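Enquirer: Coordinates for the following, if possible.
(one chain, ligands or ions: 1)
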Amino acid sequence: MFYLLTQIIQMKILYNNNDLNEALNNVSKIGFVPTMGSLHKGHVSLIKKAKRESGKIIVSIFVNRTQFNNKEDFIKYPRNNAKDLSLLEKFKVNYVYIPKKEQVFTSSKKLIKTLKTKDKILCAKYRKGHFEGVLNVMDRLTDLIKPNKIFMGEKDFQQLFLVKKYIEKKYKCKIISCKTIRNKNKLALSSRNLRLSRKSLKKAEEISKDLIFFKNNLNRFKDVKEKIMIKKNQMSKLYNIKIEYLELRNKKDLKIINKIKNSKLFIAYYLDKIRLIDNF
Ligand code: AMP
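Expert: Residues are numbered from 1 along each chain as shown. Below is the predicted model:
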């Protein structure tokens, strides 16, 4: 009996598509959490929500080369499969899919070659080809796994927005958004934080606290756009950082707005040559 129980709850690790198809053959509804590994509490919150909303869940670990517009960023992206697997086992994930790129990109067909002009904003403006890479890998993974729900974080808000738009149109699958998880000093958890020095980590925490306060008080100003422009210049000098964008946008359609209602304040900046993004 005990043997039977351990068999039932044992996590299955799937390294190729034959294993994947065999494992999911009789599973009708599955929740999917796509990741690039180096898992942290942000990923865990997605897993917990997926477990609450789905019978069985599958987590993928795949560092997708095609979404990195910078080769060094891809090479230095933190990887730690052994640690990830023990964490996934602890949270009783049913299946983990760890494919090689040949398993994912089995067809040369692409969901999209280039984003629509109106989508070339925020990160899409600065990371050429990034979201095309994200959308194509999400298309391949969704086609292979056939989940009925995919759980994604608001930390990567533009990614969530675009994946929802493209994937829900093509597949019978819902994209479920999950809140950003922060550390006790308000910094959004991210695998890239592992690459920051202690000093930069502290600075990133200060920046997050600063922007949370700024966003909460933004409704006191008449000319919001100008206030944000001034803030961007002040922060660049104060923290000695390169800010790519600091913009207030409507969270429904990502259009620039000057009202606080339904807005998100988006930032992308470099620290220790590492690009960090967040939204408030
Ligand atoms: P990644 O492994 O960075 O590609 O992220 C995999 C998923 O986890 C994405 O849907 C992210 O938006 C989500 N995620 C990453 N960091 C956080 C966080 N701090 N809070 C919530 N979700 C997150």
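
Enquirer: Quick check: next helix or strand after the longest helix anywhere in the chain?
Expert: Scanning the chain for the longest helix, with DSSP state H as the assignment, gives helix 198-217. Following helix 198-217 in sequence order, the next helix or strand is helix 224-239 (DSSP states H and E).

Enquirer: hang on, the earlier thing: helices and strands around the longest helix of the chain, which ones?
Expert: Packing contacts for helix 198-217, counted by 3 or more C-beta pairs under 8 Å, 6 or more residues apart in numbering; DSSP states H and E, involve helix 224-239, strand 263-271, strand 274-279. Heads up, the C-betas are built off the backbone N, CA and C, glycines and all.

Enquirer: And the ones you listed: which comes nearest the ligand?
Expert: Evaluated over these, closeness to the ligand peaks at strand 274-279, with 9.1 Å, by C-beta to the nearest ligand atom.

Enquirer: Dump that closest one to CSV, keeping only the CA atoms.
Expert: Taking Å, rounded to 0.1, in the frame of the first residue of the first chain, the C-alpha atoms of strand 274-279 are listed here in CSV:
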residue,chain,number,x,y,z
ILE,A,274,22.2,43.2,-15.7
ARG,A,275,18.8,44.3,-17.1
LEU,A,276,16.0,44.4,-14.6
ILE,A,277,12.3,45.1,-15.2
ASP,A,278,9.4,45.7,-12.9
ASN,A,279,6.0,47.3,-12.8
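
Enquirer: mind listing what residue 60 touches?
Expert: Contact partners of residue 60, counting by C-beta atoms under 8 Å, 6 or more residues apart in numbering, are 32, 33, 34, 35, 96, 97, 98, 99, 141, 145.

Enquirer: tilt between the longest helix of the chain and strand 263-271?
Expert: 160 degrees (axes from the mean of the first three to the mean of the last three C-alpha atoms, to 10 degrees).

Enquirer: How far does helix 198-217 sit from its chain's centre?
Expert: Centroid separation for helix 198-217 versus its chain: 20 Å, with C-alpha atoms, centre = their mean, to the nearest Å.

Enquirer: For that helix, list every residue counted as buried.
Expert: For helix 198-217, burial by neighbour count (16 or more other C-beta atoms under 10 Å) applies to 200, 201, 203, 204, 205, 207, 208, 210, 211, 214, 215.

Enquirer: Just name the closest of the residues you listed to the ligand, please.
Expert: residue 208 (11.2 Å).

Enquirer: For the nearest residue to the closest one once chain neighbours are set aside, which three-state class applies?
Expert: Leaving aside its sequence neighbours, residue 208 sits nearest to residue 186 (C-beta to C-beta, 6 or more residues apart in numbering; 4.4 Å). Secondary structure for residue 186, judged by DSSP: H, G, I helix; E, B strand; the rest coil, is coil.

Enquirer: and residue 176, helix, strand or coil?
Expert: Note that with three-state DSSP, the state of residue 176 is strand.

Enquirer: I meant to write residue 34 there.
Expert: strand.

Enquirer: and the angle from the longest helix of the chain to helix 224-239?
Expert: Here helix 198-217 points in a direction 160 degrees away from that of helix 224-239 (the same axes, to 10 degrees).

Enquirer: could you check the angle strand 274-279 makes with helix 198-217?
Expert: 20 degrees.

Enquirer: is any part of helix 198-217 close to the ligand?
Expert: No: Helix 198-217 lies apart from the ligand when judged by C-beta under 6 Å from any ligand atom; the minimum separation is 11.2 Å.

Enquirer: Now tell me what touches that helix from outside.
Expert: Residues from elsewhere that reach helix 198-217, judged by C-beta under 8 Å, 6+ apart: 182-183, 185-188, 193, 196, 231, 235, 239, 241, 265, 267, 269, 271-272, 274, 276, 278, 280.

Enquirer: Could you do stretch 21-28 as well?
Expert: With contact meaning C-beta under 8 Å, 6+ apart, stretch 21-28 is reached by 12, 14, 30, 55, 56, 58, 95, 145, 146.

Enquirer: could you dump that stretch to CSV, C-alpha only?
Expert: The C-alpha trace of stretch 21-28 is given here as CSV (Å, rounded to 0.1, in the frame of the first residue of the first chain):
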residue,chain,number,x,y,z
ASN,A,21,3.1,12.2,-24.9
GLU,A,22,3.1,8.9,-22.9
ALA,A,23,2.8,10.6,-19.6
LEU,A,24,0.0,13.0,-20.7
ASN,A,25,-1.9,10.5,-22.8
ASN,A,26,-4.8,10.0,-20.4
VAL,A,27,-4.6,13.4,-18.7
SER,A,28,-7.5,15.5,-19.9
